[in-house]
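>>> sequence and predicted structure below; questions after.
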Amino acid sequence: MNPQDRLIVALDVPCRDDAMGYVDSLLPEVRQFKVGLELFCAEGRPLLDEIRDRGGRVFLDLKLHDIPNTVESAARILHHSGVWMTNVHASGGPDMMRAAREAFPEEQLLAVTVLTSLDQRTVNEFWGTEYGIEQIVQRWAVAAQEEGLNGVVCSPREIEPVRRAAGSQFTVVTPGIRPRWAASGDDQRRVTTPRQAVFNGADYLVIGRPITGAESPKDAAGKIVKELRDEAGDYDG
Ligand code: C5P
């Protein structure tokens, strides 16, 4: 895949003007943008249309989770909205994932596995399971694949386990990316560099603050694409 096509910039901003400011300054170098709950609740579908009209592709990160009938209806609307990539919670179960797939048939439909905000202790105590997060992610990745979903969203630490469980044709999208030169990990618990994530098997990288918080978002995005192209750099190990 062209390194440029791997990049998805997270528009974690509260309103249209902020979002379109980034879209306009990043296109055409960046073509893919993630719209999450906050921005979608604020601006709704017109913003999706605006990004698309400018030539961008939208990953609508709503993490749908409800009964199959409700998720199917929502996914159908997203399909007709021209959304390129969207997601559902794998924990909604196989029937829900299948219903979403039927309603969103052509573009990228991903399963969200275990949120990066949950740790092992919470998963064990709150969900009442003995399984490790890695095992759960692998089981749900395989279940998503069986229901015809394209791939999963997972943390950098789960890229390799997902690849082992679901193979090379399954799409892996990961947040938690920090170039070496970026200021800090912010609230990301475990981070990896763009090149390391791709080396480990990620297809798409969701990157927010290292780009949107940079003095020049365009230069920061260009630097990341260049690093992905550059064969000579070293990996984290
Ligand atoms: O940290 P950054 O600004 O690059 O975040 C990009 C995306 O990563 C966010 O839109 C969110 O979906 C995801 N994220 C996460 N875990 C965190 C913080 C952000 O998965 N702790």
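Cool, the structure landed.
>>> which parts of the chain sit against the ligand?
Applying Cβ under 6 Å from any ligand atom, one finds that the chain approaches the ligand through 10, 12, 34, 36, 61, 116-117, 175-176, 186-188, 206-209. Using the backbone N, CA and C atoms, a C-beta is placed for each residue, glycine as well.
>>> just those: which are in strands?
When DSSP state E is applied, the residues of the chain next to the ligand are split such that A10, K34, G36, D61, V206, I207 fall in strands.
>>> now for the first one, how many residues are close by?
Spelled out, it's A10. By other Cβ atoms under 10 Å, the residues close to A10 number 22.
>>> ok, and the closest non-adjacent residue to it?
Nearest in space to A10, with sequence neighbours left out and distances taken as Cβ to Cβ, 6 or more residues apart in numbering, is G208 at 3.4 Å.
>>> and the third one, by the same measure?
If the residues on either side of it in the chain are set aside, G36 comes closest to D61, at 4.6 Å by Cβ to Cβ, 6+ apart.
>>> and for R178?
Setting aside the residues directly before and after it, R178 is nearest to V191 in space (Cβ to Cβ, 6+ apart), at 4.1 Å.
>>> separation between the one you found and G82?
Taking Cβ to Cβ, to the nearest Å as the criterion, V191 is separated from G82 by 32 Å.
>>> compare the two (neighbour count), which wins?
V191 (21 against 15).
>>> for that one, list the residues it contacts.
With contacts defined as Cβ atoms under 8 Å, 6 or more residues apart in numbering, the neighbours of V191 are P156, G176, I177, R178, G185.
>>> mind checking pLDDT for the residue of the chain found nearest the ligand?
Residue nearest to the ligand within the chain: G208 (2.5 Å; Cβ to the nearest ligand atom). Here, the pLDDT recorded for G208 equals 97.
>>> if we can go back for a sec, most neighbours, which of the residues of the chain next to the ligand?
Neighbour max across these (other Cβ under 10 Å) = I207, 27 neighbours.
>>> please, which helix or strand holds I211?
Here I211 sits within helix 209-212, counting by DSSP states H and E.
>>> picking that back up, and the residue nearest to G36, how far is that from M85?
Note on D61: its distance to M85, by Cβ to Cβ, is 9 Å.
>>> T174 now?
To M85, T174 is 13 Å away according to Cβ to Cβ.
>>> just D219 next, same as before
26 Å.
>>> what does F40 give?
Applying Cβ to Cβ, the value for F40 to M85 is 14 Å.
>>> more crowded one of those two?
Neighbours were tallied for F40 and for M85 using other Cβ under 10 Å; the higher tally belongs to M85 (24 against 17).
>>> per-residue confidence for the more buried one?
pLDDT, M85: 98.
>>> please apply the same query to R189.
71.
>>> and the gap between it and I77?
In this structure, R189 and I77 are 33 Å apart, going by Cβ to Cβ.
>>> again with V13
Taken as Cβ to Cβ, the span from V13 to I77 is 23 Å.
>>> tell me which of the two has more neighbours.
V13 (20 against 12).
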